[in-house]
Structures are given as C-alpha cells and as structure tokens.
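Chemist: predicted model follows, preceded by the sequence.
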Amino acid sequence: MTTASAGRGRGAPPAPGPFDVLVLGSGVAGLSAAVRMANSRLAAGLSVGVLTKGELSQSATRWAQGGVAAVLGGDEDSTDLHLADTLAAGAGLCDVEAVRVLVDEGPLRVHELIALGADFDREASGDLALAREGGHSRPRVVHAGGAATGAEVERALVEATRDSVSAVLERWFALDLLIEEGRCCGVLALPPAGAPVEIRAANVVLATGGAGQLFSVTTNPPEATGDGVAMALRAGVPVADVEFVQFHPTALHHPAMPRPLLSEALRGHGALLRDAHGAQFVDELAPRDVVSRAMARRMVDQGVDHLWLDATGLEQFAERFPTISASLVGIGLDPAADWLPIAPAAHHLSGGVLTDLFGATAVPGLWAAGETACTGVHGANRLASNSLLEGMVFGARLAERIALGALGPSPSGVLRILSGDEGPIGSRRLALPAPVAVASGEADDDLAKLRDRLQRAMTGGAGVVRSASSLQAAGVAVDAVAGALGPPTTSAGAELANLVVVARAILAAATARTESRGAHTRADFKNTDPEWRCRLVSGDDRWLGGPG
C-alpha cells in the first residue's frame, strides 16, 4: 500500500508530528543524520523525529564488530590508497565520486564521533590503534573493545539522539511511504498498539538497515528485514545493486542466530583459515567475496558444512578481543587451543535505494542512508569496515542538505542516470517486483514457518554460489510464501511481506546478471563480463524519466 489515500484507522491514537524530518531507523546512518540536524545551527527550528520498530539502541549497528575504516594517521597511508582499495573490492561497479567523498570526509566524521564520546581502542602512546582487515593495503581500521565497535558507536549516538531530537517513536513500524503530488510527505505507520496512522513529514529519511534475515544463516539481527528497500520498491523508487549480497566468511558455525561473527581483525592479526584437512587454501586478507567463494568451493569439494579459523597463534587474545573471547568461552571454545568452526553467513546488502552524493533519492522529500541506500560506494562488494563509515559520512551529508532547504535530487553519483550522463558505469532496467500484500493475517506460528521457508529457499538458491536453476527454485518457494500472505494485521506479517518483496528483487537481478562479479557468483557464468559493467535498476518511469 503505497498511496497517500491510506488514511488513519478507526480508533487509532492521534498521529505524532508533523515533522520537518522523520528518520526511519536507529542505526549509525539514521542517528548520525538525526543528531546532526538536531544540533545544526543551519537547521535551527527543524523538528526531527526518529521512528524505530524496536528500541532506539536495537539496530544492526551494535552488532558490527569489524570497526570503522578511515585514514586517521600514519605516513604510510593516504586517502588515495583507501580509495584504491575500495575500488578494487567493488569489482568495477563503485562510483568513484562517491568513494572519494567517503575517504575524504571519513576522518572528520570519526573525530566528530570521538567528540560525542565514542571511546576507541588506543595504543600505549595514546594514539588510535589501527588494524588491517581484508582488502585493505594498510592498517586503517579503528576498533572499540577489540570487536565491540558497533556497540560503542551506537551508545554514543543513542545518548546524543535522546538529548537532541524532538521525538523518539520506539516500537513503531513504518509500513509504507506516503506519496502525494510527486513527492514523499510521510509514512503510514503501525503504532505499538492500535491501527495504522499517517505520520506527516516534509522529509523522510530511510535508514532502516539491511536484509540479512532473507537467509537462514546470517550475522544480522532479527530486525534486518529490508523494510526501507521494500517500501521503496512498492513506491517505484529506483533501487539497484541488490544482487550483491555480501557473505561474511568467518561467522562461527554454531546454532546461535544471528551467527556470532569472528571479526576480520582476527585475520588482520594473523589468524589462519584452514580446510577440513588443516591446509591453508586462500589469502586470509583477500576481500570478503574472494574468501567466501573459496570457502564455499572447498566445503563442497570436501563434503563438509564448515571450515576452521586457527587463532591459536594470536597473543593476548582475551585482552585484544574481549567480546569475542567471552562469546567463545561461553560455548566452550578456547581460542588459544581450539580451532574455531566457521562458515559464510549473509552479512551486508551492498545495493539499495539509489541516492545522489547528498543522500537524496529520485523522489523529492525522500532520502536514504546506510545499508538501505545505494550510494555507489560499495559497488559489487563492500570493502571491510566501510559500512559504518558510509553511514556516518552520508548521514551527515543529507542532514546538511536538508538543513539548507534542498528537496529534490541532483544528477550526481549513481543518480547521474537522471540526466542521462551515466559515466563509465551504465544501467539496465529491471521490472519492479510483482505486488504483494503489506502484511500477513496468519497466526504467529504460521508466520514463523513461512519466514523459515523463505530463508531456507534463499540460502539454498541465492547464497554464495548461484545458478539459473537454483535461482528459479528459490523463486518458486518465495512465490509460494507470497501466496500465503493476506491483509495487514501485524508488524511480524509486514516484515515477512517486506522480505518477499526484497527477495523477489534480488532473485530478478541475480537471474538477469549472467556473469560472476564481486559478491555475485554464478556457477553457470563463472567469468566477469565487461558487458555487465552496469547497474541493474528497478524503478517507476516517473522517477527515472522514461524507459531505459
């Protein structure tokens, strides 16, 4: 339901707002934007609301272990090297303008976060401790608590948000965008109790995170159901690069879900990847897509469901990585003596809602940042620890743009397609996913079974390695789940409907892209094809300016 005609339900409480800005989501991107707008002299007088379907501190950001990549010191590093590493990981699909913005503005955003109270790890000298992770040519990743970076970033931003914004709407679920007269003017939202209501806002910021819950094995929390991308797709807002789902190679092979993540920093400090026979088989510091692909193939060749991370040679493990150490000890593993069982797990959606270099989408009044957005920074595969940085940089940029009174997009970054000047990376159009109900009327137990069915289908058919036949089989299963959906009733049902919409978009793009590139690997098209150096864009012609 994507129209402005969806009105307030009978018996619903008065709608909050109206707001000048309504931020959907409470991760690093959304809160960076909210805090900046609320505290900006340029934005003085703007009412800023934050809506989140959980608690303010309940987002994927707090699960981020890796760190924040930025050039913060050291004569051996430079923003040019960070740019080159990012472009190499992105396998030809990064937008160079967007990456330049990321690496140039990133250091300032990290220092601003420190000024807000974020406490990053430091050397004995007092300098920030810099780690090297996969795909990085230099140590440039800052951490907090060894592998608790996301939690520290989230803590600092949550405290700043509560002190500054006009309203925090916790346990509210944004169902759909309200579009009137060619612009976004708010959302239809489900309150903690009662019927849906319209929340009006002059600007809406999509910062709802990723979609890891599409898969049965993921590092993402249960809230990562692709809500912002699904809302955009239902409204016809241009979305791209969703076939590039990054799988983290070193998720702990354990029944816990989300899967505990064994940070890339472990390999940066010397931990080794070993196969079922104890042999090394891949460069531990290669980009994540390379490592995950090598692991998937080795697991198939050896007929096993996991491999091993050997961290026994790391000194002072508990002191360097207290969060990971406590997690391992809790399940009976001693990293000083035991090899740690690992397998790839769905981790990050590299694509999303297309934005310009200032976070504006193709729809006036609608903005996007973080994992929900496609800025072009990640291309076909995200470089390790660039995601928190992306949220901080582009969240701040859209906040400044809104404060200056901007409304619509500029033909910059990946939204150069609006002017027809796409630069070196072209685009091809894909049909929008078929409509699906906003939510399900099934009982909770039935919803859980349907969600599990969808997740298993996507893991089996659209995982690390795909093929035409596996994608088709996944599509049949996803369509069957869609057929079981009924009228809107609950947030759990709305989440499942959102997963269906995003799953269909991923399957369509992965089927269309007949090559292997970055995080998208086709068993039946194993090579990278120069003809496919393009973005696959789904969106309504009214936002894209006619047929592509």
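Modeler: Nice, I can see it.
Chemist: which residues touch the nearest residue in space to residue 273 that is not next to it in sequence?
Modeler: In space, and not counting its chain neighbours, residue 273 is closest to residue 284: 5.5 Å by C-beta to C-beta, 6 or more residues apart in numbering. In short, each C-beta sits where N, CA and C put it, glycine included. Residue 284 is in contact with 134, 267, 271-273, 291, counting by C-beta atoms under 8 Å, 6 or more residues apart in numbering.
Chemist: list the contacts of the residue positioned nearest the centre of the chain.
Modeler: With distances taken as C-alpha atoms, centre = their mean, the residue of the chain nearest its centroid is residue 371 (2.8 Å). By C-beta under 8 Å, 6+ apart, residue 371 lies in contact with 27, 29, 60, 209-210, 348-349, 352, 387, 391.
Chemist: and for residue 21?
Modeler: Listed by C-beta under 8 Å, 6+ apart, the contact set of residue 21 reads 34, 37, 46-49, 201-205, 402.
Chemist: distance from the host helix or strand of residue 248 to the middle of the chain?
Modeler: Assigned by DSSP states H and E, residue 248 falls within strand 245-252. Centroid separation between strand 245-252 and its chain, computed with C-alpha atoms, centre = their mean, to the nearest Å, is 13 Å.
Chemist: quick check: next helix or strand after it?
Modeler: helix 264-268.
Chemist: count the neighbours of the nearest residue to residue 25 once chain neighbours are set aside for me.
Modeler: Among residues not flanking residue 25 along the chain, residue 207 sits closest, at 3.8 Å (C-beta to C-beta, 6+ apart). Applying other C-beta atoms under 10 Å, we find 32 residues neighbouring residue 207.
Chemist: would you check that residue 207 makes contact with residue 395?
Modeler: Yes - contact status for residue 207 versus residue 395: in contact at 7.1 Å, counting by C-beta atoms under 8 Å.
Chemist: which ones are touching the residue lying closest to residue 226 once chain neighbours are set aside?
Modeler: The spatially closest residue to residue 226, leaving aside those adjacent along the chain, is residue 211, at 3.2 Å (C-beta to C-beta, 6+ apart). Neighbouring residues of residue 211 by C-beta under 8 Å, 6+ apart: 220, 224-226, 229, 245, 349, 499, 502.
Chemist: on that earlier part again, can you list the helices and strands that the strand holding residue 248 packs against?
Modeler: If you count contacts as 3 or more C-beta pairs under 8 Å, 6 or more residues apart in numbering; DSSP states H and E, strand 245-252 packs onto helix 264-268, helix 288-302, strand 340-349.
Chemist: could you redo the last one with a cut-off of 7 Å?
Modeler: With contacts taken as 3 or more C-beta pairs under 7 Å, 6 or more residues apart in numbering; DSSP states H and E, strand 245-252 sits against helix 288-302, strand 340-349.
Chemist: still on that earlier bit, tell me the most packed of the contacts of residue 371, by neighbour count.
Modeler: residue 29 (35 neighbours).
Chemist: okay, and that residue sits in which element?
Modeler: Using DSSP H and E, residue 29 falls in helix 28-39.
Chemist: what number of residues lie near residue 80?
Modeler: By other C-beta under 10 Å, neighbour count at residue 80 equals 11.
Chemist: from residue 264, how far out is it?
Modeler: Residue 80 is 22 Å from residue 264, where distance means C-beta to C-beta, to the nearest Å.
Chemist: likewise residue 98?
Modeler: According to C-beta to C-beta, residue 98 and residue 264 sit 23 Å apart.
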